[in-house]
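Peer 1: Below: sequence and its predicted model.
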Amino acid sequence: CGKRYKNRPGLSYHYAHSHLAEEEGEDKEDSQPPTPVSQRSEEQKSKKGPDGLALPNNYCDFCLGDSKINKKTGQPEELVSCSDCGRSGHPSCLQFTPVMMAAVKTYRWQCI
C-alpha cells in the first residue's frame, strides 16, 4: 500500500480498517493503484547558499523594486532579506524604523 502517515496512530487506524478488510476479501478500497506522494519541485524548494542560508531575492516583495529603486519612493534603497526563505523587502516597505534597521544588520533576520 502506498499510503503514508505522519504518526503511528494514523497508520494503525488505516491498517486496521483497510488492510484487514482486504485480507477477509471485503475490498473497501478502489481497485485503482495509489497515487504517488507529490514531491516538491526544485523550483518550489528555497535555494540555499553554501553557508546554509537562503539565497536572497533581488527584488522587494512589496513594491517589486530592487536596490536601485524603491517603486514607492522612487529612491534607491538597500534590501533586507530573510535568512530562512530568501524573500526581500525595502526597510521603508517593511515600515522599519532606523533603530530596527540597525538592529537587523546585527543578526540573521527572519520574516514571519
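Peer 2: Cool, the structure landed.

Peer 1: tell me the secondary structure for Gln110?
Peer 2: Gln110 falls in the coil class when you classify it by DSSP: H, G, I helix; E, B strand; the rest coil.

Peer 1: who are the neighbours in contact with it?
Peer 2: Applying Cβ atoms under 8 Å, 6 or more residues apart in numbering to Gln110 gives the contacts 82-84. Every residue, glycine included, has its C-beta placed from N, CA and C.

Peer 1: any idea how far it is from Ser81?
Peer 2: 10 Å (Cβ to Cβ, to the nearest Å).

Peer 1: same check, this time on Gly89
Peer 2: 8 Å.

Peer 1: what's the closest of the contacts of Gln110 to Leu94?
Peer 2: Nearest to Leu94 among the contacts of Gln110, counting by Cβ to Cβ, is Cys82 at 10.7 Å.

Peer 1: Verify the stated contact: that closest one with Leu94.
Peer 2: No - using Cβ atoms under 8 Å, Cys82 makes no contact with Leu94, being 10.7 Å away.
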